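Participant: only geometry, no sequence info:
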């Protein structure tokens, strides 16, 4: 489809954007006393119209509605496939954990039409790797072997996460959609920073970081490894005067000063900054009329919205104070 | 038929063809946007239809100039053109509405899309939204006037 073919879809999105939650809606939900009160507010905004009145049913209904909307709006199959990569690789990780250990992995599968729980388990139990989606065929046997031989779940996750990042990075290089390219590049970069910070705090060695980090055009990964690797160094080095600051100083030099500032506050503040950075990236699409960009932006805005509502509902269900929620809620698209 | 007559007919044809192509493009693009808004909110139909039609006027201007030219060169009236120079003058006289009609209709279509999307977000801003594509119309009207003045004053 050329850009002109998206005029119809973009105009539909302009109407749909009217029902997206705003920052005011989020601020209105934060002081509410109970999860039920938040659900009532969401239902008044059209959320989970046909779903039962419980958090997971409403969120699942909204996720489904988003997917239906972008399919209906003509988001091309390739882009939809690329956007599903994190869920695809997550399901693989969960499946490997489940088939190699007796215990439940403690994390849910994403309900993907071609790669849901039953299918993942079935393929992994038969070692029928050629039936996996193409992107998983190389990494699945490698991760499964590590898990079977070493029982090192963290290394297994690292292998799968790295493959996911590389697949996304590769997709960014080959995509003709500029917004998708920028989104994937930023996602890979932010994930690299996240891994580097975590590894730095845990004193992980350079070798681990080289296995975990994927190349990105926005950062010098060798330098990131150098400033983050900390074999034998004290834990919590991110807060230490030497090692931690080296990482933050590098992030500031590389144009991620705000990320460094957020990391100094808390991991939650950094996660919020990451999602806000993605929203800032897609916001210009609010005034674009003739490209696939606004369709992609709408999908990402809905994902961000659902994530923020999930945070609020979880916090309300667990009686977290409002300040904790305020620290975590994301900027809205509209 | 003289070469002059061929030039004059070419000018008359271009006025309709180029301005018509521009209008078709503009109305098509604005129509896609209008359909998108109506699909989500059928109550907006009347408002977005008006905006969709705005890029259609250039095609009408081209047709008008074509009729005037044909009525003066011996096809619908007047005397047949005998010399090449007069034919070329008709061709040149038709070009403003042909070329400006083509380009302005395409751009008016793009502006109409933006206005349709503005109305989709803020239906109460319909009056203001109408003005933006209407501004583009100014240049099509200027070209129409120049073409009419030129065609009616040849010979």
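Facilitator: Noted; the coordinates are in hand. None of the values given here were measured: they were computed from a predicted structure.
Participant: residues contacting residue B:110?
Facilitator: Applying CB atoms under 8 Å, 6 or more residues apart in numbering or on different chains, we find residue B:110 in contact with A:289, A:290, B:26, B:29. Where C-beta positions appear, they are placed from N, C-alpha and C, glycine not excepted.
Participant: select from those residues the one having the most neighbours.
Facilitator: Tallying neighbours with other CB atoms under 10 Å in any protein chain shown puts residue B:26 at the head of the contacts of residue B:110, with 31 neighbours.
Participant: any idea which residue of the stretch 101-250 of chain A lies closest to chain B?
Facilitator: Closest to chain B within the stretch 101-250 of chain A is residue A:179: 17.7 Å, counting by CB to the nearest CB.
Participant: give me the residue from chain B nearest chain A.
Facilitator: Closest contact between chain B and chain A, by CB to the nearest CB, is at residue B:36 (2.9 Å).
Participant: mind checking what secondary structure that residue has?
Facilitator: Of the three states, residue B:36 takes helix under DSSP: H, G, I helix; E, B strand; the rest coil.
Participant: circling back: burial count for the residue of the stretch 101-250 of chain A closest to chain B?
Facilitator: The burial count for residue A:179: 22, using other CB under 10 Å.
Participant: hmm, residue A:296 and it touching each other?
Facilitator: Yes - using CB atoms under 8 Å, residue A:179 is in contact with residue A:296, at 5.6 Å.
Participant: can you list residues touching both of those two?
Facilitator: Shared contacts of residue A:179 and residue A:296, defined by CB under 8 Å, 6+ apart, are found at A:282, A:285.
Participant: one step back: got the buried residues for the helix or strand containing the residue of the stretch 101-250 of chain A closest to chain B?
Facilitator: Assessed by DSSP states H and E, residue A:179 sits inside helix A:178-202. For helix A:178-202, a neighbour-count test (16 or more other CB atoms under 10 Å in any protein chain shown) marks A:179-197, A:199-201 as buried.
Participant: rounded mean pLDDT for it, please.
Facilitator: Across helix A:178-202, pLDDT averages out at 89.
Participant: tell me which strands and helices that helix is in contact with?
Facilitator: The contact analysis (3 or more CB pairs under 8 Å, 6 or more residues apart in numbering or on different chains; DSSP states H and E) places helix A:178-202 against helix A:77-83, helix A:153-174, helix A:206-212, helix A:221-228, helix A:243-253, helix A:257-265, helix A:267-282, helix A:293-317.
Participant: need the ones you listed in a markdown table (columns: distance to residue A:128).
Facilitator: Shown next, in a markdown table, are these (distance: least, CB to CB, whole Å):
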| stretch | distance to residue A:128 |
| --- | --- |
| helix A:77-83 | 21 |
| helix A:153-174 | 18 |
| helix A:206-212 | 26 |
| helix A:221-228 | 34 |
| helix A:243-253 | 42 |
| helix A:257-265 | 41 |
| helix A:267-282 | 36 |
| helix A:293-317 | 31 |
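Participant: mean pLDDT for these: which is lowest?
Facilitator: Lowest mean pLDDT within these: helix A:243-253, at a mean of 80.
Participant: tell me the domain ranges of chain A?
Facilitator: What automatic domain parsing lists as the domains of chain A is A:1-75+A:292-334, A:83-175, A:178-272.
Participant: of those domains, which is nearest residue B:104?
Facilitator: With CB to CB as the criterion, residue B:104 lies closest to domain A:1-75+A:292-334 of the domains of chain A, at 18.0 Å.
Participant: centre of the chain versus the closest one, how much separation?
Facilitator: On the basis of CA atoms, centre = their mean, to the nearest Å, domain A:1-75+A:292-334 sits 15 Å off its chain's mean C-alpha point.
Participant: measure the closest residue to residue B:104 other than its chain neighbours to residue A:5 for me?
Facilitator: Nearest residue to residue B:104, sequence neighbours excluded (CB to CB, 6 or more residues apart in numbering or on different chains): residue B:140, at 4.4 Å. As for residue B:140, its distance to residue A:5 is 26 Å (criterion: CB to CB, to the nearest Å).
Participant: more neighbours: those two, which one.
Facilitator: Between residue B:140 and residue A:5, counted using other CB under 10 Å, the more crowded position is residue B:140 (28 against 13).
Participant: give me the mean pLDDT for the one helix or strand the more buried one maps to.
Facilitator: Per DSSP H and E: residue B:140 is located in helix B:126-152. Per-residue pLDDT over helix B:126-152 has a mean of 96.
Participant: with stretch B:92-103 instead?
Facilitator: Averaged over stretch B:92-103, pLDDT sits at 98.
Participant: near residue A:46, how many other residues are there?
Facilitator: What residue A:46 shows, counting by other CB under 10 Å, is a neighbour count of 10.
Participant: wait, it sits on residue A:19?
Facilitator: Yes - with contact defined as CB under 8 Å, residue A:46 counts as touching residue A:19 (5.7 Å).
Participant: which residues touch the most centrally placed residue in chain B?
Facilitator: With distances taken as CA atoms, centre = their mean, residue B:58 lies nearest the centre of chain B, 1.1 Å away. Counting by CB under 8 Å, 6+ apart, residue B:58 makes contact with B:19, B:20, B:22, B:23, B:26, B:97, B:101, B:102, B:104, B:105, B:108, B:140.
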